[in-house]
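*Asks:* Sequence first, then the predicted structure:
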Amino acid sequence: MVAVNKPEKKVVKQEKKPAAKPDKAKAAKKDVSKAAKKVDVKGKKGDKIKRAAGAKVTKGKKGAKKGKSNKTKEIVKRHRRNPILSASTELRRYSKTRVYKRRCIYKLKEKPPTPKPVKIKSPKFLTKTIGGEKNGETRKVRVCRLPRHLPTQVAKRKLQNTKKPFSQHKRRLRASIRPGTVLILVAGRHRGKRVVFLKQLGTGLLLVTGPFALNGCPLRRVNQIYTIATKTRLKIKPVKIPSRINDDYFRRKSLKNLKHREGELFDTAKEEYTLSNERKEDQLAVDKQILKVIKASKEKKSLKGYLETMFALKNKMYPHKMLF
């Protein structure tokens, strides 16, 4: 037999690779999934466990079906309580006070009730010492004694009124109205006419005249509310107004019919109001003096025409933009 030498097998030692370092993030995810499976709870408890492990928690829309991807979110405009009407001026729909009520801020600002000061009641009775052996030593006496006699009928009491009567009111006059200024009447029978202001009476009314010869306006009382003061003014210092012209001068006397006499049962004719001779005389006296003042002025023609013409407005004429 021939011996055959077998070739020796070479043993190659394989170098061991260094062990890979464990990934902390992957390990954390595995631990979280295991913990979630053990608890098997959905919602907040599961989220708490994930957060404790350091993993992210994704929230989906309520009512979203599983397996379907969420669509892009639509941008919803915020509903404002006080919307802006114009962006340039930042004008809002509601005012500050309206928003204050809508938001109920007044409920938050309610202050605690302040304690009321305790009033110390004064005693109704006083104890007085009385001398003597068998008098009881002390007695109770009223601080305010009761009336001895009570009235059988309650008399009417007058109520206290702090308001002053009309006779004691202060009479004010506009700075633009002076004696001699030409006024334009706005209301009344002679509205639209230009008159001359003479003086202010006791009741605060203005005494004016046309004169009657120019525009037919007699001596009258006018409230200054219903007049427009102009810049034209007459010099009426020499004009003398009769002293009897006052508020009583213009009051109409009530015409009371006497009782029916024999033969006058069916007479129902009413007496009409007629001007007295005094009124006519005073009108002539005042008008003569004012006409003299107009004639003496340099612009006598324009003044006469100004007083004769009526005041009127046409299209695109605004009285608040006009100078009188």
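*Replies:* Yep, it's here.
*Asks:* pLDDT weak spots in the stretch 1-150 of the chain?
*Replies:* Counting by pLDDT under 70, the stretch 1-150 of the chain contains low-confidence residues at 1-73.
*Asks:* the helices in it, which residues?
*Replies:* For the stretch 1-150 of the chain, the helices defined by DSSP state H, counting those that start in this stretch occupy 24-39, 44-53, 96-102, 105-108.
*Asks:* same thing with the stretch 201-324 of the chain?
*Replies:* Secondary structure of the stretch 201-324 of the chain, counting by DSSP H, counting those that start in this stretch: helices at 212-215, 277-296, 300-308.
*Asks:* and among these, the most buried is which?
*Replies:* Greatest average neighbour count among those goes to helix 212-215 (a mean of 17), per mean count of other C-beta atoms under 10 Å. C-betas here are computed from N, CA, C, even on glycine.
*Asks:* just to revisit the earlier point, may I see the helices of the stretch 201-324 of the chain organised as TSV, with distance to Tyr94 and mean pLDDT added?
*Replies:* Converted to TSV, those look like this (distance: least, C-beta to C-beta, whole Å; pLDDT from 0 to 100):
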stretch	distance to Tyr94	mean pLDDT
helix 212-215	55	92
helix 277-296	60	93
helix 300-308	53	92
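*Asks:* How far does stretch 293-312 stretch from one end to the other?
*Replies:* With C-alpha to C-alpha, to the nearest Å as the measure, the first residue of stretch 293-312 is 26 Å from its last.
*Asks:* Can you give the distance from that stretch to the centre of its chain?
*Replies:* Relative to its chain's centre, stretch 293-312 lies at 46 Å (C-alpha atoms, centre = their mean, to the nearest Å).
*Asks:* ditto for stretch 114-129
*Replies:* 45 Å.
*Asks:* How far does it stretch from one end to the other?
*Replies:* 43 Å.
*Asks:* Other residues contacting it?
*Replies:* Glu137, Thr138, Arg139, Lys140, Val141, Arg142, Val143, Cys144 (C-beta atoms under 8 Å, 6 or more residues apart in numbering).
*Asks:* Recalculate using a threshold of 10 Å.
*Replies:* Applying C-beta atoms under 10 Å, 6 or more residues apart in numbering, the contact partners of stretch 114-129 are Asn135, Glu137, Thr138, Arg139, Lys140, Val141, Arg142, Val143, Cys144.
*Asks:* can you check stretch 158-170 too?
*Replies:* Gly202, Thr203, Gly204.
*Asks:* bridging residues for the closest residue to Thr232 other than its chain neighbours?
*Replies:* Nearest residue to Thr232, sequence neighbours excluded (C-beta to C-beta, 6 or more residues apart in numbering): Val182, at 4.6 Å. Residues in a beta bridge with Val182, per DSSP bridges, are Val196.
*Asks:* what's near enough to touch Val182?
*Replies:* Val182 sits in contact with 194-197, 208, 228-234, 303, 306-307, 324, where contact means C-beta under 10 Å, 6+ apart.
*Asks:* how much space between it and Ser122?
*Replies:* 70 Å (C-beta to C-beta, to the nearest Å).
*Asks:* Next: Lys77.
*Replies:* 69 Å.
*Asks:* Equivalent analysis for Ile236, please.
*Replies:* To Ser122, Ile236 is 69 Å away according to C-beta to C-beta.
*Asks:* Same check on Lys116?
*Replies:* Counting by C-beta to C-beta, the gap from Lys116 to Ser122 is 18 Å.
*Asks:* what does Met310 give?
*Replies:* In terms of C-beta to C-beta, Met310 sits 75 Å off from Ser122.
*Asks:* more crowded one of these two?
*Replies:* Using other C-beta atoms under 10 Å as the criterion, Met310 and Ser122 rank with Met310 on top: 11 against 7.
*Asks:* Help me confirm that the more buried one comes into contact with Asn215.
*Replies:* Yes: using C-beta atoms under 10 Å, Met310 is in contact with Asn215, at 8.0 Å.
*Asks:* Quick check: neighbours shared by those two?
*Replies:* His190, Gly192, Lys193, Arg194.
*Asks:* Among those, name the buried ones.
*Replies:* Among the shared contacts of Met310 and Asn215, those classed as buried by 16 or more other C-beta atoms under 10 Å are His190, Lys193, Arg194.
*Asks:* quick one: contacts for Leu313?
*Replies:* Per C-beta under 10 Å, 6+ apart, neighbours of Leu313: Pro319, Met322.
*Asks:* which residues in this protein form strands?
*Replies:* 84-86, 91-92, 125-129, 138-142, 181-185, 194-200, 206-209, 220-222, 227-233 (DSSP state E).
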